[in-house]
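Asker: Have a look; sequence and predicted model below, questions after that.
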Amino acid sequence: MKDPYVYDDCDVLINQANIKDKDKLAEFENRMTNLAIVSLFKNVHTISDTKDVFKIHKQLFEHVYEWAGIARTINIYKDEPILGGISVEYTAYNHITKALKQIDHKYFKQDWKSLRKEDFMHLFTRMIADIWQVHPFREGNTRVVSAFAFLFLKQQGYNYNVALIRQHAKYFRNALVMAFLGEHAEYQYLQNIFVDAITNEDAAVSQDKYTKIKDYEINTYQYVHHKAK
């Protein structure tokens, strides 16, 4: 199908700077979002429910894409090397609102502060995986759920080692993929890096811990944009 998010004359997302080179757009996007995330983390933000992902996406990407903070209007997929080229089945665009409400009902009635740390991280990992699987936006979903995780954990009294997640961003994204495979979901990879993040595991010291998921070599992963389905 025709993808309304890309230019007619090239396979690049339409952006505020009118950049039509994917590598240059990636550089611009990273620069803008890195600046925005510093501001986001410095200010006080209360996470009330999953709709806060729209506010986060807006703040991170408002200088990059006109549709920042707006749910996607098409279905998307991405070939995942860790799954042998199969895509995670993201939520259909016309069910995004319903899916997020279901996540709210499932998790936001929980008395999080009453949970033991082990139970908290077990439930928290699954909530983040559920939000990520919805993939509300055309691009930027992993960065949004990472920021959401930081703000939510801070609100619940936990510190979050952002440097660890950033340094092992490829591992983090592939751990999210593994955490949403239906009945075959494997949450341990995502939960382990979250546990390390809240215990302030040193990003450099932990280097060897995040080189593989099963037999998949993380350093072979190359980011690609989603495609219209």
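Answerer: Great, that's in hand.

Asker: Quick one: find the helix or strand in the chain with the lowest mean pLDDT.
Answerer: helix 162-167 (a mean of 89; mean pLDDT, DSSP states H and E).

Asker: Flag every buried residue along it.
Answerer: By neighbour count, and taking 16 or more other Cβ atoms under 10 Å as the criterion, the buried residues in helix 162-167 are Val162, Leu164, Ile165, Gln167. The C-beta positions use only the backbone N, C-alpha and C, and glycine is treated the same way.

Asker: I'd assumed Asp130 was in contact with Val145.
Answerer: No. Distance between Val145 and Asp130: 9.8 Å, which falls outside the contact criterion (Cβ atoms under 8 Å).

Asker: Next one, pLDDT for Tyr171 please.
Answerer: At Tyr171, the predicted lDDT confidence score is 96.

Asker: count of residues packed around it?
Answerer: The tally of other residues near Tyr171 (other Cβ atoms under 10 Å) stands at 24.

Asker: before we move on, what about His225?
Answerer: Other residues within reach of His225, judged by other Cβ under 10 Å, total 17.

Asker: Distance-wise, check the nearest residue to it once chain neighbours are set aside relative to Ile82.
Answerer: Take His225 and drop its neighbours on the chain: the residue closest to it by Cβ to Cβ, 6 or more residues apart in numbering is Glu139, 6.3 Å away. Distance from Glu139 to Ile82, counting by Cβ to Cβ, to the nearest Å: 19 Å.

Asker: repeat for Lys22
Answerer: In this view, Lys22 and Ile82 are 22 Å apart by Cβ to Cβ.

Asker: quick one: which of those two has more around it?
Answerer: Remark: of Lys22 and Ile82, Ile82 carries more neighbours, 19 against 14, as counted by other Cβ under 10 Å.

Asker: on that earlier part again, neighbour count: Val145 and Asp130, which is higher?
Answerer: Regarding Val145 and Asp130, a neighbour count based on other Cβ under 10 Å identifies Val145 as having more, with 26 against 20.

Asker: Could you name the helices and strands sitting against the longest helix along the chain?
Answerer: In the chain, with assignment by DSSP state H, the single longest helix is helix 22-42. When contacts are defined as 3 or more Cβ pairs under 8 Å, 6 or more residues apart in numbering; DSSP states H and E, helix 22-42 sits against helix 52-61, helix 141-155.

Asker: okay, those in a markdown table with distance to Glu186 and mean pLDDT next?
Answerer: Converted to a markdown table, the helices and strands packed on helix 22-42 look like this (distance: least, Cβ to Cβ, whole Å; pLDDT from 0 to 100):
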| stretch | distance to Glu186 | mean pLDDT |
| --- | --- | --- |
| helix 52-61 | 24 | 96 |
| helix 141-155 | 17 | 95 |
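
Asker: Kindly reformat the ones you listed as a markdown table containing distance to Glu27.
Answerer: Shown next, in a markdown table, are these (distance: least, Cβ to Cβ, whole Å):
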| stretch | distance to Glu27 |
| --- | --- |
| helix 52-61 | 15 |
| helix 141-155 | 15 |
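
Asker: That concludes my questions; thank you for your assistance.
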